[in-house]
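Q: here is a sequence together with a model predicted from it:
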Amino acid sequence: MTKKIPIAVQTWPVREDFLQDMPGTLKAIAGMGYDGVELCYYWPEVWDNAEGIRKMCDDVGLQILGAHVGWEHMSGDSLKQVIEFSHVVGMKYPIVPGLSDEIRSSRAALLSVSEVLGKLAETLKPEGLYTGYHNHRWEFAPLEGESPFDTIFGNTGPDVIMQLDIGHAFRAGVDPMLYLNRYPGRAKTVHLRGYSPTDEHALIGEGTVAWEEIFAACEGSGGTEWYIVEQEVGLYSPLECAKRCLRSLREMGK
């Protein structure tokens, strides 16, 4: 029997609701049937309120699986604070959500990022934590003979998480299956969003994504432990989009 993968929601799309009313938004997310949330650590309202957020999530039965943590927070005293925050909220995955334009424009800079990510993985593993990288679209455009995505993950070890964003990959014109197969066991957390070449508002279940194939790869060679819904574009409010996406995933048996 296939292991059931828990489903979380990223707080970025629902940020206006979340930052105005954290308890109410978390209660709404839990009420939809989500299992957890992925935070945006770089919001002061989050990093200054670890114990409060942990209690709010505990009160409604949500697990904090991880957070997007800015690259600038992943060194020195800031990294120590990230580690402490992670332990307080009970999360496992502090993931880097993007890089500056300066880094993005240079393969040499990306190789340096890969080296740092490898060292971070070594530092965090004894703490029970795992870092990684979350892609957007630019990582798939060739840069000096190689895609930045391959520069990052081809030069890091298996402890650096490949947080593959399925929708962003399709929007970049690549099949995410290629990377799920190329880097087995590294898709511990995967971002889900709808995609259609003719409808930018497509939610999960409404577009052209072969979800059954994606899920089979994630739950097989991908080693996925969490699915994370991050639906930023839709014809409905962010919370309604999150609700509809989860409903579609449940209809798919997730």
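A: Thanks, I have it. Residues are numbered from 1 along each chain as shown.
Q: skip the chain neighbours and tell me the closest residue to Pro94.
A: Ranked by CB to CB, 6 or more residues apart in numbering and with sequence neighbours excluded, the top spatial neighbour of Pro94 is Val69, at 4.4 Å. Where you see a C-beta, it was placed from the backbone N, CA and C, and this is true even at glycine.
Q: which stretches of the stretch 1-150 of the chain form helices?
A: 15-20, 22-32, 44-47, 50-60, 76-89, 101-104, 107-124, 148-153 (DSSP state H, counting those that start in this stretch).
Q: how about residues contacting the first one?
A: Contacts to helix 15-20, defined as CB atoms under 8 Å, 6 or more residues apart in numbering, come from residues Thr11, Gly24, Thr25, Leu26, Ala28, Cys40, Trp43, Glu45, Pro238, Leu239.
Q: pLDDT value on the fourth one, please?
A: The score at Leu26 is 98. That number is its pLDDT.
Q: re earlier: what's the burial count for the residue nearest to Pro94?
A: Each residue near Val69 was counted by other CB atoms under 10 Å, and the total is 24.
Q: coming back round to it: okay if I get the contacts of helix 15-20 as TSV plus distance to Gly76 and neighbour count?
A: Below are the contacts of helix 15-20 laid out as TSV (distance: CB to CB, whole Å; neighbours: other CB atoms under 10 Å):
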residue	distance to Gly76	neighbour count
Thr11	25	25
Gly24	35	12
Thr25	32	22
Leu26	31	25
Ala28	37	18
Cys40	21	19
Trp43	20	17
Glu45	22	13
Pro238	34	21
Leu239	36	18
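Q: which one of those is nearest to Glu139?
A: Comparing those against Glu139 with CB to CB places Cys40 closest, at 19.7 Å.
Q: one step back: want to throw the contacts of helix 15-20 into a markdown table with distance to Glu139?
A: Shown next, in a markdown table, are the contacts of helix 15-20 (distance: CB to CB, whole Å):
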| residue | distance to Glu139 |
| --- | --- |
| Thr11 | 22 |
| Gly24 | 35 |
| Thr25 | 30 |
| Leu26 | 31 |
| Ala28 | 32 |
| Cys40 | 20 |
| Trp43 | 24 |
| Glu45 | 29 |
| Pro238 | 25 |
| Leu239 | 29 |
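Q: in the chain, where is pLDDT below threshold?
A: 1-2 (pLDDT under 70).
Q: can you list contacts of stretch 222-232?
A: Contacts for stretch 222-232 (CB under 8 Å, 6+ apart): 5-10, 12-13, 34, 36, 38, 65-66, 93, 165, 167, 180, 184-194, 203-204, 218, 238, 241-242, 245-246, 249, 254.
Q: and that stretch, what's buried?
A: Gly222, Gly223, Thr224, Glu225, Trp226, Tyr227, Ile228, Val229, Glu230, Gln231 (16 or more other CB atoms under 10 Å).
Q: same question for stretch 32-45.
A: Met32, Tyr34, Asp35, Gly36, Val37, Glu38, Leu39, Cys40, Tyr41, Trp43.
Q: please apply the same query to stretch 120-134.
A: Leu120, Ala121, Leu124, Leu129, Tyr130, Thr131, Gly132, Tyr133, His134.
Q: now swap in stretch 201-214 and tell me
A: Here stretch 201-214 shows Ala202, Leu203, Ile204, Gly205, Glu206, Gly207, Val209, Trp211, Ile214 as buried, counting by 16+ other CB under 10 Å.
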